[in-house]
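Student: Model the structure of this input:
(3 chains)
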Amino acid sequence: MKKFSKVIALLLSFAMVLAFAACGGTGTEETTAGSEETTAADLAYDLTKEGEYTADNTEYVIGATGPLTGDTASYGISVQQGAQLAIDEINAAGGLNGVNFKFDMKDDKSTAADASTGYDALYEAGMQASLGSVTSGSAESFATRADEDGIFSLTPSASADKVINASNFAFRVCFGDPDNGILSAEKLAKEYENIGVIYDSSDPYSTGIYDAFKAKMAELNVTYLEQSFDAENNRDFSTQVEALKDCDVIFLPIYYTEAGLIAKACVAKGCDAFLFGCDGLDGVAEQIDSTVTNKISYLTPFDVNSEDAKVSAFVTAYETKYGSKPDQFAADGYDAVYVIFEAMKALELNNVKVDPAELGKALTATLTSADFSYDGVTGGMVWDASGACVKDPIIVELQ
Amino acid sequence: MIKSILKSDDFKIKNCINYMVIAAALVVLVVLYNAGELKASYANLLVQIGYSIILAVSLNLVVGFLGELSLGHAGFMCVGAYLGTFISMQLSDVIESKVICLLISMLCGGLLAAIFGFLVGLPALRLKGDYLAIVTLAFGEIVRTVFKNLPWFGKAMGLTTGAVKFTKKDTPLFIIVFITVLVVLFFVQNLVRSKHGRAITAIRDNEIAAKAMGINVTFYKLFVFVIAAFFAGVAGVFYGHYTTPVMYTFFSYNYSIEILVMVVLGGMGSINGSIIAATLITVINYILQKELPGELAALKFLIYALILIGIVIFNNAPKLSPIKERLSLKVLIAKLTSKNRKPEDILNDPAHWDKIPTKIAMDEVLSTDLQPGNEYVPDKPAKGGK
Amino acid sequence: MSILFDGLSLGAIYALIALGYTMVYGIAKMLNFAHGDIIMVGAYAVFVTLMGGGHIALAIGLSVIICVVMGVVVEKFAYKPLRGASPLAVLITAIGVSYLLQSISQLVFGAEPKTVTIASLGTVSLFGATISVSSIVTLVIGAVIMAGLTLFVKKTRTGRAMVAVSEDKGAAMLMGINVNRIITITFAIGSALAAAASLFYLMQIPSVEPTLGSMPGIKAFTAAVIGGIGSIPGAMLGGVMLGVIEKICLSVPVLAPYTTAVEFGLLIVILLVRPIGLLGKKRREKV
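Tutor: Numbering: from 1, shown residues only, chains lettered A, B, ... in the order given. Predicted coordinates:
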């Protein structure tokens, strides 16, 4: 008899699944938000509305997730420090109509699941706008979740196109990976003969740039030598440098830590090729020393040694606060906060309990409107409807 | 075989308390959810708890019951997450309901992972202990490396699963996950209590003796690996429907170790222990992530590490075992209910045969040297008589 | 040719780390997962001394001392209470110690990689390949250390006591060997080897970060198992083999992204053919 009841219980539970399946099936619409153009009517907003979780807010809450522990922790910490600096400056200057800002960043260890959990924690703690996440995978996860609630996210550094495509409310401050790859391919193909590439096969940023570079080089009909590594597993670059020793230029669509090691491997191998990279290379100056004689330069919107008053003020403030020079990530985080602040200012927002979904629509409308632009430490920026940021790179040369 | 597993020989109410508790909790949660009282964060946390339980219970089959150390459980999950979700995405073009896509892909992802489980099970026939552990670890890393380079799965960018991911508008995923947990528990508990389960524990306790008893060691070892891999694959499919993108970074050996930690903390060979530990660790991770933002995040790892070391030393240090026995829950309860029994009696109660460490030191039994004064003495007292 | 040399010098690093694994395993019968993190500690010691303007010799000395103290302390507080407990419990504790060391170093030094400047020794041309002197130094010193260790184990009293403990703990104790002391000494030697490995590591890969030790640790563990865990020459063979294979894979563009898979695949194949590793000692299983 008891056995029988157990079977019944099991059957009932399956029936429950099917019942839910049925109601799930009828109610679903197409929920995957693509990057379809949003019309102005979709973005009608009401900034006086209060949100479900924002009723207790006394400050505007800007949330984000990023890797604060683990292999990529340095990127997350830089963004966190840059963003916090901007928040402190805004608050010191009186906030927005006397209301202060608060920045809250949760650790996501660069994984999609933790970014999603972090998002939940932030949303229910009253987050009203966000910097999304720092690395591409987490940022995609974050943006997908944010899209469900209509929360605005402006990622400082996640450059994969998938991130801004995941939500109508997702924007970025940095360059997109394909832009970087195409620009580099054009420049290198024009100026150099023997071209070599070392890319990181385990990293979305690096493979994103490399794929665009490869396509462009094929289009330009230029040949080059390729080498790759897997940043999780290989940190010794002697083989790769040896293989590209005779190149005039080595293209490095990678981050500065590995680039510093490659530069040192060049010294060890007696290779004097010109090293050229993208914005990920920013910060490489800290990773090399006087033994490196190779010429290094990179495409970047941010130059820590720039004479620009805005940049030097930022660099000084950052150094005073954290005792080290800001890198690209810190600058992007800093700018992202200011962009949100300026956009909120442009909206003349005066409701600390504003509903995040309404604010999301309002910020999206503001950023994509033709007359909004922001001139930050990473250059002048405007945004297109897809969420990509349009700005001009400069080429920074070291030594 | 399956039939005999599903038909448990000794049905007792106390053996299914755990599913009753889980089922009751599920009903309460569903009611709360429908009333709009359950926050999205808790619903999502429940999904994580659910797939962690599936992972921990299935790993416990390998580590606790079969006695083989596996450091590659995340690898099976990775197979399920990538392949199962990939299948689900293909299906979603044809089938509208996400739930049906999920159910079909659970089966497919589980089966594909089970094939990998079979492949890993093969070396397990030849290798032992730490050697097998490194092979499973190697397997997990190989799977990850391959998936991160295959163009069909988005290479390093990961597999975007937005098309099939469960959103707020869909049936809450945690319901399906927990019903699956119930099914997994039903299967695993009956397996463990069936004659097959006894065969598996016999292999753990002494492989050669088990072989001598006529147990088909090859079959049972492969069987356990395949079953464990199947469930891990199912957990992976849930992961793919819970979050996007599915990225190789998640399935590193660190995650395998986290699952192993759940099993060890819960107690090897204790299914309820695995359930509790999986829940606890997931919740601790969640709380630490939530409460320690910004610069404090590194403290999270520190606290986690200290808790881990502390619990393991407390649970296993031979010197601390008297203290632990005095504090053990079972002893405390027994003390309250009956006054006459000593702690040793309670711990060695034959009624709990499945809880007593059954590792018989065969070496000692069989190879004790006969020495003068230490000869084998038959039952009758040697000196007692006149 | 130069690939071979690069592989050999990388392999020498793996071999040194693998020696630490293999010795601890042979004697204490435990997988010391935290071994890789001891290397990280050693690397930070070198980094701090060099940044403070200390001489390289001072850096080596300090790094060895700190690693040894660290190894002994970890053994005393984390592993010793568990002597006699199940190997799995010890394994989990070791993992906990590994997390602990990583998070402490992140809290102290921060997460960002720090560059270490070790004076470059220049390059030489050998058989038509450019080889950096530091990699030759790594190879030579690595070989010397390994030979010294083999002699130590074979010729000294302590060394032979170690062999005795690894063969049979109980019998060794009966012979008047202080097993606890021997295990502590093993940890000290293993940690000193880790300190040496950290220096060679920095000579080739001049950057320190909190997670520095985890991948070399796993690779070296693999090397130790390939060579037959518990065997000193096996660890050397395994390490060098792994280093060379890694470099050969990396030099083929199509294969390069799959390097890790190839290395671990090799491990599985070797274990399937020889379940005790290349030079492992066969143990009879008795009932």
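
Student: so where is the stretch 151-287 of chain C shaky, pLDDT-wise?
Tutor: For the stretch 151-287 of chain C, the stretches with pLDDT under 70 are C:282-287.

Student: Tally up the residues packed near the residue in it positioned nearest to chain A, please.
Tutor: Closest to chain A within the stretch 151-287 of chain C is residue C:257: 3.8 Å, counting by CB to the nearest CB. Quick note: C-beta positions are derived from backbone N, CA and C, even for glycine. Look at residue C:257: counted by other CB atoms under 10 Å in any protein chain shown, it has 25 neighbours.

Student: Repeat that for residue A:121.
Tutor: 22.

Student: How about residues contacting stretch B:267-285?
Tutor: B:18, B:22, B:45, B:48-49, B:52-53, B:55-57, B:59-60, B:63-65, B:185, B:188-189, B:192, B:201, B:258, B:261-263, B:265-266, B:304, B:307, B:354-355, C:86, C:88 (CB atoms under 8 Å, 6 or more residues apart in numbering or on different chains).

Student: Go back to those residues and keep what's next to chain A.
Tutor: Among these, the residues lying close to chain A (CB under 8 Å from any CB of the partner chain) are B:45, B:48.

Student: mind listing which of the contacts of stretch B:267-285 are in helices?
Tutor: Assigned to helices by DSSP state H, the following of the contacts of stretch B:267-285 qualify: B:18, B:22, B:45, B:48-49, B:52-53, B:55-57, B:59-60, B:185, B:188-189, B:192, B:201, B:258, B:261-263, B:265-266, B:304, B:307, C:88.

Student: Buried members of the residues you listed into ChimeraX, please.
Tutor: The following ChimeraX line selects those of these that are buried, judged by 16 or more other CB atoms under 10 Å in any protein chain shown:
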select /B:18,22,45,48,49,52,53,55,56,57,59,60,185,188,189,192,201,258,261,262,263,265,266,304,307 /C:88
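
Student: Okay, now the unreliable bits of the chain?
Tutor: You didn't pick a chain, so chain A it is. A:1-42, A:399.

Student: look at chain B instead
Tutor: For chain B, the ranges with pLDDT under 70 are B:1-15, B:293-295, B:324-386.

Student: wait, what's in contact with the residue nearest to residue A:220 when sequence neighbours are not counted?
Tutor: Once flanking residues are discounted, residue A:220 sits nearest to residue A:189: 4.8 Å by CB to CB, 6 or more residues apart in numbering or on different chains. By CB under 8 Å, 6+ apart, the contact set of residue A:189 is A:195, A:216, A:217, A:220, A:222.

Student: same check, this time on residue B:305
Tutor: Residue B:305 neighbours (CB under 8 Å, 6+ apart): C:96, C:97, C:99, C:100, C:103.

Student: Can you flag which of those residues belong to helices?
Tutor: Per DSSP H, the contacts of residue B:305 map to helices at C:96, C:97, C:99, C:100, C:103.

Student: Helix, strand, or coil at residue A:290?
Tutor: Secondary structure state of residue A:290, per DSSP: H, G, I helix; E, B strand; the rest coil, is coil.

Student: where do the helices sit along the stretch 1-150 of chain A?
Tutor: A:2-27, A:73-92, A:112-124, A:136-149 (DSSP state H, counting those that start in this stretch).

Student: Remind me what the shortest one packs against, helices and strands.
Tutor: Counting contacts by 3 or more CB pairs under 8 Å, 6 or more residues apart in numbering or on different chains; DSSP states H and E, helix A:112-124 is packed against strand A:60-66, strand A:101-107, helix A:136-149, helix B:40-60, helix B:217-242, helix B:271-291.

Student: mind putting the ones you listed in a markdown table, distance to residue C:147 included?
Tutor: Formatted as a markdown table, these follow (distance: least, CB to CB, whole Å):
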| stretch | distance to residue C:147 |
| --- | --- |
| strand A:60-66 | 48 |
| strand A:101-107 | 46 |
| helix A:136-149 | 47 |
| helix B:40-60 | 43 |
| helix B:217-242 | 42 |
| helix B:271-291 | 46 |
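
Student: and of those, who's closest to residue C:123?
Tutor: Among those, helix A:136-149 comes nearest to residue C:123, with 37.8 Å by CB to CB.

Student: Does chain B have contacts with that closest one?
Tutor: Yes: against chain B, helix A:136-149 shows contacts by CB under 8 Å from any CB at A:136, A:137, A:140, A:141, A:144, A:148, A:149.

Student: Which two of the residues you listed have the greatest separation?
Tutor: A:136 and A:149 (21.0 Å).

Student: So these two - more neighbours on which side?
Tutor: Of the pair residue A:136 and residue A:149, residue A:136 is the one with more neighbours under other CB under 10 Å, namely 28 against 18.

Student: The more buried one and residue C:41, how far apart?
Tutor: Distance of residue A:136 to residue C:41, computed by CB to CB, to the nearest Å: 32 Å.

Student: likewise residue B:267?
Tutor: 33 Å.

Student: more neighbours, the two?
Tutor: Per other CB under 10 Å, whichever of residue B:267 and residue C:41 has more neighbours is residue C:41, with 25 against 17.

Student: Does the more buried one touch residue C:68 like I think?
Tutor: No: applying CB atoms under 8 Å as the test, residue C:41 and residue C:68 come out as separate, 10.7 Å apart.

Student: wait, isn't residue A:267 in contact with residue A:275?
Tutor: No: applying CB under 8 Å, one finds residue A:267 not in contact with residue A:275, separated by 11.5 Å.

Student: Now the common contact residues for these two.
Tutor: Common neighbours of residue A:267 and residue A:275 (CB under 8 Å, 6+ apart) are residue A:294.

Student: Compare these two (neighbour count), which wins?
Tutor: residue A:275 (26 against 21).

Student: pretty sure the more buried one is in a strand, no?
Tutor: Yes: counting by three-state DSSP, one finds residue A:275 located in a strand.

Student: Who does it form a beta bridge with?
Tutor: residue A:250, residue A:296 (DSSP bridges).

Student: residues touching residue 187, list them.
Tutor: In the absence of a named chain, this looks at chain A. With CB under 8 Å, 6+ apart, residue A:187 has these contacts: A:276, A:299.

Student: my bad, the chain I had in mind was chain C
Tutor: Residue C:187 neighbours (CB under 8 Å, 6+ apart): C:24, C:28, C:32, C:71, C:72, C:74, C:75.
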